[in-house]
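> Please find the sequence and the predicted model below.
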Amino acid sequence: MLERVKKIKSGRGLDPKVTSRFSSFSISDSTWSKIVIICQSVLVSISLIFYFLISFHQISFSKSFSVSLQKSPRRMAFIITIVSTTLSAFSSFLFSRAIINWLSVRIKNPTPLYYLSGIIELSRGKWMLRASYLPLSFFTILVGILLKTLTASWATLLTPTRISVTTPVEGNEIDLGSLEFNELLNRTNVYPNMIAALRSNNPTAFGSLLASSGIASAYSSLGIPRFLEFDNALFDSSTGGVLPIGAMDIDIGANSGSIQQNLIGGPLTTTRTTTPQNQSRNSISQISNLSTEDSISGNHTIRQQGFTANVNCDYNENLSNFLVAIPQTISFPTSNQTNFNTSLTKWSFDAHCPNGDKISANDVITAIAAGAHGGGLVSVTVCHDQDIKGVKSAGNHREGYGYLRKTVCTIAPRLTILEIEYTESIKLSKVLGSTSSPQSSQTLTNQFLSIIQAGISGSQDIYTNTFGDGIRSIYSTFESEQNLNDRLTPNQTLLNQIMEKYFQGQAEFVASYLKSSLSGSPDIRKGSMTKLYGGEWYPTRMGWDQGTSLSQHSFATSTIALVPIIIIGMISIIASIKS
């Protein structure tokens, strides 16, 4: 055994040419020890520095390189394998060299033969298994396994994964509370077109969207998820009164660390025009529709101004069984009663009931918000459930409206600040602030309440009862069929909740529709009609992000992968020092 080691060190027993070359380039043991110590220290340091770096910081590749890696996963695997194998082979070679140098010193002293045999096997990357020498056998097996896993360790540590990179987003959006914007609402044709659309039979028109927004909001509040598609975006239950911001709206400067976005008309470099009846165009929120060249994928969280309404509905026995309240039966405050802080406005419209009667409501009075703490009153009832002969009908006005008693809803519009999460759908994740609709937004309040009134009246005629059918469909989901005609003991609590969320969802949708219709208008002036917003964009890139709470499993895997690299390096360094 001793002779074998001496031959290995001296080069005897090899081909003469090889021996000559070996002698010419032979390196002393002390030099080898220094090389091993330096190189293994570098390898261990690199692994530790990289490990701690990815534990507390993000490292990501550029978008183009990330896309390239995603398109060619085999090329990425090949590169990682080559680099990992090279580092592993180099570390294994240094380990073997350190063991040989240590063995050359050790054999100068009396050494058990089994000990020498085990160390020699270890220097060759193998292990010894003998029952009579279990401690040494266990040590060689452990180190041998660590040597075999070096390539896997380096590959685990160096392989990039898909990570979300946080990038600030900032820009401007329409300010619903600004006086200038509300004056613009009075000058444009958006509101008249919305009122006209409520009479349309087009299933894609504003009226159908308005009804869908109320139904989706009511269902979601009762624990049944519903989505609302509007403006090429998919909202989770309600729009919240925001204009959707999508990836294609975001313009990233080449040398900018943030994203600049102008929501009054799209990206800063783009001018867009829209019309109220043309669903489009001014914003895209479907992240999944992005091409790979635009981004691998990405989510974003934006803090935006929204619009909503506090709605409170309850049964009122003084109401007649008509579409709207007769003003004489409701005790409205007069305009002089400032403690209620409302003004009185007259609405005029015609409606048809299923029995063929035409209701002329030229003097219907509705109180609407006039001050910071004002509120609105909208009467919600349906026509008698009759056909043109006065008989109960099972058609569009089928039996089952007995539960829908005479109800009054108070509506108090409010401006909100929302945190919106944009993923596959758009979700209102948090309400950051809420204030009463200011006096400057009186036009918006008036138009919103008028649209709600027109939506109810326009949906009920001799052929259809969209409003009644919508409320009925939600109510019947939770109440049995036999209870639908129960006029004595209906579930008024459930009915109130349905109507409250129904109108709240419609309030939020109307605001989003107005923003969408005017977002590309050249009349929108930055500053006087807009306000700043901010958020974070999370594009997906290739890189390392092991330290986040979402990647704890990856963090643990990297920690385990680090063990073979450190142990092999430390054994090599200690053996070299002792030699």
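Perfect, I can see it now.

> what's the strand or helix carrying Ser84 packed up against?
Using DSSP states H and E, the secondary-structure element containing Ser84 is helix 73-106. For helix 73-106, the contact count by 3 or more Cβ pairs under 8 Å, 6 or more residues apart in numbering; DSSP states H and E identifies helix 2-10, helix 29-56, helix 113-123, helix 150-158, helix 552-578 as packing neighbours. No exception for glycine: its C-beta is placed from N, CA and C like everyone else's.

> Looking at these, which is nearest to Asp231?
For the helices and strands packed on helix 73-106, the distance to Asp231 is smallest for helix 552-578, at 37.4 Å, taking Cβ to Cβ.

> circling back: can you add mean neighbour count, mean pLDDT and distance to Val105 and give the helices and strands packed on helix 73-106 back as JSON lines?
Written out in JSON lines, the entries for the helices and strands packed on helix 73-106 read as follows (neighbours: other Cβ atoms under 10 Å; pLDDT from 0 to 100; distance: least, Cβ to Cβ, whole Å):
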{"stretch": "helix 2-10", "mean neighbour count": "13", "mean pLDDT": "50", "distance to Val105": "11"}
{"stretch": "helix 29-56", "mean neighbour count": "16", "mean pLDDT": "87", "distance to Val105": "8"}
{"stretch": "helix 113-123", "mean neighbour count": "17", "mean pLDDT": "66", "distance to Val105": "12"}
{"stretch": "helix 150-158", "mean neighbour count": "20", "mean pLDDT": "89", "distance to Val105": "25"}
{"stretch": "helix 552-578", "mean neighbour count": "18", "mean pLDDT": "81", "distance to Val105": "7"}
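
> May I see the ones you listed organised as CSV, with distance to Phe181 added?
Output for the helices and strands packed on helix 73-106, formatted as CSV (distance: least, Cβ to Cβ, whole Å):
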stretch, distance to Phe181
helix 2-10, 87
helix 29-56, 45
helix 113-123, 79
helix 150-158, 54
helix 552-578, 47
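
> What residues of the helix holding Ser84 count as buried?
Burial within helix 73-106, assessed by neighbour count using 16 or more other Cβ atoms under 10 Å, is assigned to 76, 80, 84, 87-88, 91-92, 94-104, 106.

> Can I take it that Leu418 is in a strand?
Yes - Leu418 forms part of a strand when assessed by DSSP: H, G, I helix; E, B strand; the rest coil.

> what's near enough to touch it?
The contact partners of Leu418, taken as Cβ atoms under 8 Å, 6 or more residues apart in numbering, are Gly240, Gly241, Val242, Arg303, Gln304, Gln305, Gly306, Leu428, Lys430, Val431, Leu432.

> Mind checking which of the residues you listed are in strands?
With DSSP state E as the criterion, strands contain Arg303, Gln304, Gln305, Gly306, Leu428, Lys430, Val431, Leu432 from among those.

> ok, the third one - contacts?
For Gln305, the residues meeting the contact criterion (Cβ under 8 Å, 6+ apart) are 173-177, 241-242, 415-418, 531, 533.

> repeat that for 6 Å
Under the criterion of Cβ atoms under 6 Å, 6 or more residues apart in numbering, Gln305 has no contact partners.

> same check, this time on the last one
If a contact means Cβ under 6 Å, 6+ apart, then Leu432 has Ile417, Glu419 as its contacts.

> Tell me where the model's unsure across the stretch 101-250 of the chain.
For the stretch 101-250 of the chain, applying pLDDT under 70 flags the ranges 108-119, 122-123, 125-134, 136, 199-204, 246-250.

> Could you pull out the strands in the stretch 401-550 of the chain for me?
Taking DSSP state E, counting those that start in this stretch as the criterion, the stretch 401-550 of the chain carries its strands at 407-422, 426-436, 530-544.

> could you give me the average pLDDT of the second one?
For strand 426-436, mean pLDDT rounds to 87.

> CA atoms only for that strand - export them in CSV, please.
Taking only C-alpha atoms (Å, rounded to 0.1, in the frame of the first residue of the first chain), the coordinates of strand 426-436 have been written out as CSV:
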residue,chain,number,x,y,z
ILE,A,426,-59.7,42.5,-11.5
LYS,A,427,-60.4,42.3,-7.8
LEU,A,428,-61.2,45.1,-5.3
SER,A,429,-58.8,43.8,-2.6
LYS,A,430,-59.0,46.7,-0.1
VAL,A,431,-60.8,50.0,0.6
LEU,A,432,-58.2,52.5,1.6
GLY,A,433,-60.5,55.5,2.1
SER,A,434,-64.1,56.7,1.6
THR,A,435,-65.6,60.1,1.6
SER,A,436,-69.1,61.5,0.9
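
> Closest to Ser521 out of the ones in strands among the contacts of Leu418?
The nearest one, if we look at the ones in strands among the contacts of Leu418 relative to Ser521 and count by Cβ to Cβ, is Gln305, at 17.5 Å.

> Give me the pLDDT value at the closest one.
The model reports Gln305 with a pLDDT of 90.

> what separates it from Leu243, distance-wise?
Counting by Cβ to Cβ, to the nearest Å, the separation of Gln305 from Leu243 is 9 Å.

> And Tyr315, by the same measure?
Using Cβ to Cβ, one obtains 37 Å as the distance from Tyr315 to Leu243.

> Neighbour count: these two, which is higher?
When Tyr315 and Leu243 are compared for neighbours, Leu243 comes out ahead with 26 against 13, by other Cβ atoms under 10 Å.

> which non-adjacent residue is nearest the more buried one?
Computed as Cβ to Cβ, 6 or more residues apart in numbering, the closest residue to Leu243 that is not its neighbour in sequence is Lys515, at 4.1 Å.

> Do I have it right that the one you found meets Ile174?
Yes - between Lys515 and Ile174 there is a contact at 5.2 Å, judged by Cβ atoms under 6 Å.

> Against Val242, how distant is Phe181?
Using Cβ to Cβ, which is the criterion applied here, Phe181 is 15 Å from Val242.

> who has more neighbours, the two?
When Phe181 and Val242 are compared on other Cβ under 10 Å, the one with more neighbours turns out to be Val242, at 27 against 24.

> For Ser213, identify the helix or strand it belongs to.
Using DSSP H and E, Ser213 falls in helix 206-221.

> and that helix, C-alpha only, in CSV?
Below are the C-alpha coordinates for helix 206-221, written out as CSV (Å, rounded to 0.1, in the frame of the first residue of the first chain):
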residue,chain,number,x,y,z
PHE,A,206,-75.6,49.8,-21.8
GLY,A,207,-78.9,48.7,-20.2
SER,A,208,-78.0,45.0,-20.2
LEU,A,209,-74.5,45.8,-18.8
LEU,A,210,-76.1,47.9,-16.1
ALA,A,211,-78.5,45.0,-15.1
SER,A,212,-75.6,42.5,-15.2
SER,A,213,-73.5,44.7,-12.9
GLY,A,214,-76.2,44.8,-10.3
ILE,A,215,-76.8,41.0,-10.5
ALA,A,216,-73.1,40.2,-10.2
SER,A,217,-72.7,42.5,-7.2
ALA,A,218,-75.7,41.0,-5.4
TYR,A,219,-74.7,37.4,-6.0
SER,A,220,-71.1,38.0,-4.9
SER,A,221,-72.3,39.6,-1.6
